[in-house]
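Enquirer: Would you be able to build a 3D model of this:
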Amino acid sequence: MQLIVTAISKAYASVQAVKHVSFQINSGEIFALLGPNGAGKSSIIRMLVGMTQPDSGSIMVSYQQQHFDHVPRRLLGYLPEDRGLYPDKSIEKNLLYLARLHGLSKASAMQEMAHWLAVFDLTERRHDELKQLSKGNQQKVQLIAAVLHQPALVILDEPFSGLDPINQEKVVLFLQQLKAKGMTVILSAHQMAMVEKLADHMLLMAQGQVVLAGTLQQIQQQSQPLRQMKVGFNSSVTVSQLQQLPAINGVEPLQANHFMLTLAYEVGVADCLKQLMPLAELTQVEMQTADLHQLYLAAMTKQQPEVAA
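Expert: Just a heads-up that it's a prediction; the model follows:
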């Protein structure tokens, strides 16, 4: 399937939640919506799932040579931010009921259920009532419920919420399996390390507008993140000495005589080295590549005042 969102906008009373946002997602891609609370991510998700309609712009879906001006419900799997299952019913009864609502036969539902329960180590607990489960295990059941009917498009709002690091990795495996099955996934999350592992494309938003968009490599090229350099010296150098250098905006001590330096935007690497060399002999110089978390923080710091203006 292909999803094309063109210049959608949405306002609530006096608040412009989404402002002319456009993006395109192709079949089998994992697409991440990123941004601080209030950036407009949830408003976009509500429009995609049909809870609200754009004030302007369009949402177009192409699937098996058919074309739609919305996301058809039969093609959609959705994990909402506000969860909703039946706490007095077992895992199996919850999942079977939801699968049958989506039109699956009991046999097909049981087969899909068995696969995903095994992925999330819940097979032995399939007859437990939902209220007996931890918050993390309830979250895993919600994730299974979103995909039992094998939708073409899966929208997951904060899928890592309430999960410990081990179970976060299980969700990474889960998402990789969805991709391998050819499902298209839209992911809204704050866990940048998880997103960096998974997303083919991403959209960084602030105050309803697009700040950065593309692959991780494209975002690295578009943004101007903090430039960092790991350095080591063969004799004692103090944080105070480094902080006094015009080329340095920040100093983080590491092990003895080793530091992570944040370079001033206007200073070149060669000029920075010229300022460092008189302090002591350099034994290590290593430029650091910004990860998604650093790119995100840099983009929010740099772009949000511009967006507000």
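Enquirer: Now do the helices in this structure.
Expert: Ranges of helices within the chain are 41-49, 91-101, 106-119, 135-147, 165-180, 192-198, 216-222, 239-243, 269-276, 292-308, based on DSSP state H.
Enquirer: In TSV: those helices, plus distance to residue 128.
Expert: C-betas here are computed from N, CA, C, even on glycine. What follows is the helices of the chain, written out as TSV (distance: least, Cβ to Cβ, whole Å):
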stretch	distance to residue 128
helix 41-49	29
helix 91-101	6
helix 106-119	11
helix 135-147	9
helix 165-180	17
helix 192-198	27
helix 216-222	39
helix 239-243	54
helix 269-276	58
helix 292-308	36
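Enquirer: quick one, which of those helices is packed in tightest?
Expert: Sort the helices of the chain by mean neighbour count, taking mean count of other Cβ atoms under 10 Å, and helix 41-49 sits at the top with a mean of 22.
Enquirer: Let me see the residues that make contact with it.
Expert: Helix 41-49 is contacted by residues 3, 5, 8, 10, 12, 17-18, 21, 33-35, 52-54, 59, 71, 76, 78, 81, 155, 157, 186, 188, 205, 208 when judged by Cβ atoms under 8 Å, 6 or more residues apart in numbering.
Enquirer: again, but for stretch 184-200
Expert: Taking Cβ under 8 Å, 6+ apart as the rule, stretch 184-200 contacts 1, 3, 25-34, 41-42, 45, 48, 152-160, 168, 171-172, 175-176, 178-179, 202, 215-216, 291-293, 296.
Enquirer: Show me where the stretch 151-300 of the chain dips below the pLDDT cut-off.
Expert: The stretch 151-300 of the chain contains residues with pLDDT under 70 at 221, 223-226.
Enquirer: Report back the residue of the chain that's furthest from centre.
Expert: Here the chain reaches farthest from its C-alpha mean at residue 278, the gap being 43.6 Å by Cα atoms, centre = their mean.
Enquirer: Might you report the residue contacts of the closest residue in space to residue 95 that isn't next to it in sequence?
Expert: Closest residue in space to residue 95, ignoring its immediate chain neighbours: residue 113 at 5.1 Å, by Cβ to Cβ, 6 or more residues apart in numbering. Contact analysis of residue 113 by Cβ under 8 Å, 6+ apart lists 92, 95-96, 99, 126, 144, 148.
Enquirer: Relative to residue 240, which of those is nearest.
Expert: residue 144 (55.2 Å; Cβ to Cβ).
Enquirer: Contacts only, for that closest one.
Expert: Contacts for residue 144 (Cβ under 8 Å, 6+ apart) come out as 95, 113, 116-117, 120.
Enquirer: What is the nearest of the residues you listed to residue 88?
Expert: Using Cβ to Cβ, the contacts of residue 144 come closest to residue 88 at residue 95, 14.8 Å.
Enquirer: The closest one reaches residue 148, doesn't it?
Expert: Yes. Here residue 95 lies in contact with residue 148, judged by Cβ atoms under 8 Å, at a distance of 6.0 Å.
Enquirer: if I look at these two, which residues touch both of them?
Expert: Common neighbours of residue 95 and residue 148 (Cβ under 8 Å, 6+ apart) are 109, 113.
Enquirer: can you pull the contacts of residue 145?
Expert: Taking Cβ under 8 Å, 6+ apart as the test, what residue 145 contacts is 79, 85, 94-95, 98.
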